[in-house]
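K.L.:
Predicted coordinates and the sequence they were generated for:
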Amino acid sequence: MKKVLALIVATVMFMTFFMTYGFADDLITVKSDINNVTTNNKYFVISGNGQPDTYVELILNDNLNDKWVIGDTGLFAKLITLALGDNYVTLKAVKDGKVQTVKGHITLQYKDGIIQVTVDTLEGLWNKLFK
């Protein structure tokens with residue numbers, strides 16, 4: 001009986017620890033691939049989702065590019081203009097004292113580019129922006 005009680009207490013303590021500290025949800029999730037991407041298009045959309053009321057800063061090449069608060073839908077999409085060569089992107093999310101940083105590296109090979117999005121329906125546009 002003591003072993004069963006000790007096991008129950010240990011299980012409750014273990015679950016409480018991980019629910020509080022171990023597996024907390026991310027403030028934001030970036031759906032766009034921003035990790036070591038090479039492109040010929042100087043325009044790039046960073047999209048994703050996050051917890052409502054999260055404050056987000058988008059830093060491009062060490063300069064504040066945009067800042068916003070995630071709305072009730074939890075979705076976001078931001079258009080950035082890349083410089084020729086290496087571009088370093090940082091998204092810093094803050095909510096209730098919790099801070100999350102997401103970093104990426106995007107290389108622009110050619111200086112000229114246009115926004116190229118081919119869609120057939122509104123659903124297709126939605127999927128392109130928030131895939």
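P.N.:
Nice, I can see it. All values reported here derive from a predicted model rather than from experimental measurement.
K.L.:
what's the residue closest to the geometric middle of this structure?
P.N.:
Central residue check for the chain by Cα atoms, centre = their mean: the C-alpha nearest the mean position is that of residue 30, 2.7 Å away.
K.L.:
Report the beta-bridge partners for that residue.
P.N.:
Assessed by DSSP bridges, residue 30 has beta-bridge partners residue 48.
K.L.:
is it true that it touches residue 46?
P.N.:
Yes - Residue 30 is within contact range of residue 46, at 6.5 Å (criterion: Cβ atoms under 8 Å). (Glycine included, C-beta is placed from N, CA and C.)
K.L.:
Find the residues that touch each one of those two.
P.N.:
Shared contacts of residue 30 and residue 46 (Cβ atoms under 8 Å, 6 or more residues apart in numbering): residue 91.
K.L.:
Now for this protein, the helix or strand with the poorest mean pLDDT.
P.N.:
helix 2-17 (a mean of 52; mean pLDDT, DSSP states H and E).
K.L.:
Quick one: the helices in this protein, in order.
P.N.:
Ranges of helices within the chain are 2-17, 122-129, based on DSSP state H.
K.L.:
do you know how far residue 88 is from residue 29?
P.N.:
Residue 88 sits 20 Å away from residue 29, going by Cβ to Cβ, to the nearest Å.
K.L.:
Residue 85 too?
P.N.:
Counting by Cβ to Cβ, the separation of residue 85 from residue 29 is 28 Å.
K.L.:
Please identify the buried residues of stretch 44-64?
P.N.:
Neighbour counts using 16 or more other Cβ atoms under 10 Å place 44-51, 54, 56, 58-60 of stretch 44-64 among the buried residues.
K.L.:
and what of stretch 27-41?
P.N.:
Quick answer for stretch 27-41 (16+ other Cβ under 10 Å): 27, 28, 30, 31, 32, 34, 37.
K.L.:
Just give me the closest of those residues to residue 75.
P.N.:
residue 31 (9.2 Å; Cβ to Cβ).
K.L.:
wait, isn't the closest one in contact with residue 49?
P.N.:
Yes - counting by Cβ under 8 Å, residue 31 touches residue 49, with 7.1 Å between them.
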